[in-house]
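In: output the structure for:
(2 chains)
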Amino acid sequence: MSDLIHITNDILEVEKIVSLVSHPELGGISVFIGAVRNRTQGKNVVRLEYEAYEPMAVAEMTRICNRLKEQWSDARVAIHHRVGILTVGEAAVVIAVATPHRDHAFAACKFAIDTLKETVPIWKKEVFEDGEVWVAAHP
Amino acid sequence: MKIQVLLFGIARDIVGSSQLSLSHDGALDVKTFKQILKDKYPKMSHLSYFKVAVNQEFAKDDRVLNEGDEIALIPPVSGGSF
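Out: Numbering: from 1, shown residues only, chains lettered A, B, ... in the order given. You can find the predicted model right below:
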């Protein structure tokens, strides 16, 4: 696992992650933070439990970065994902993309989070006051 | 042939363990493997989908499994946030 791609039990530090991609030639930095929301379908979320198939999750995140750089060759990208037990408001994922100008930074960052949600083997269980559910498991 | 299967998320809950051993006579491809699991654990059929990863890459239905492969069940992923 490089600095740029990271899965951790620790709190994600946004500024530290941004500093990994910032570069004098890259004037547009787009950051996506996915945070734990307090309600789902009208129910109060007590906490979320994230679990990763870690070696494959790192491999898939690396593939996302490689695909991103095929499309935006001058981009620098960092993807950090947290696992374990998270409470409301905490960041579960931070993606930072730096490119020379803002348009590419926004587009590449969206590509990264959209693809991550489809391909990276990380699962989350929502725990409510009255039960729990693996998100997206059932139709 | 004997294979070991890693289980995560709801797949682990359905099977009740984080690993599964499976013996099979003759060649086994991903499609047949998935059917065996659905027959053995009917709740697998209720999932939106589940995929199979071989050596940390998603595998297509015609991929043949070999002893020693790192095989994992990948139920619907939900990383990131909302």
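In: can you give me the strands for the chain?
Out: The chain I'm using is chain A. A:5-8, A:28-35, A:39-40, A:43-52, A:76-82, A:84-86, A:91-99, A:122-128, A:131-134 (DSSP state E).
In: oops, I was thinking of chain B
Out: Going by DSSP E, chain B shows strands at B:2-6, B:19-23, B:28-29, B:51-54, B:57-58, B:64-65, B:71-74.
In: just say which of those strands is most tucked in.
Out: strand B:71-74 (a mean of 23; mean count of other Cβ atoms under 10 Å in any protein chain shown). Yep, even glycine has a C-beta here, placed from its N, CA and C like the rest.
In: neighbouring strands - and their directions - for that one?
Out: strand B:2-6 (parallel), strand B:51-54 (antiparallel) (DSSP bridges).
In: in chain A, which residue is most central in space?
Out: Chain A has A:V93 as the residue nearest its centroid, 3.2 Å off, counting by Cα atoms, centre = their mean.
In: measure the residue nearest to it when sequence neighbours are not counted to B:V64 for me?
Out: Leaving aside its sequence neighbours, A:V93 sits nearest to A:G34 (Cβ to Cβ, 6 or more residues apart in numbering or on different chains; 4.2 Å). In this structure, A:G34 and B:V64 are 37 Å apart, going by Cβ to Cβ, to the nearest Å.
In: so which residues on chain B come close to chain A?
Out: Neighbours of chain A within chain B, by Cβ under 8 Å from any Cβ of the partner chain: B:6, B:8-10, B:13, B:46-48, B:53, B:56-58, B:72, B:74-82.
In: give me the pLDDT for whichever residue of chain A sits closest to chain B.
Out: Among the residues of chain A, A:G34 lies closest to chain B, at 2.6 Å counting by Cβ to the nearest Cβ. Turning to A:G34, the model gives it a pLDDT of 95.
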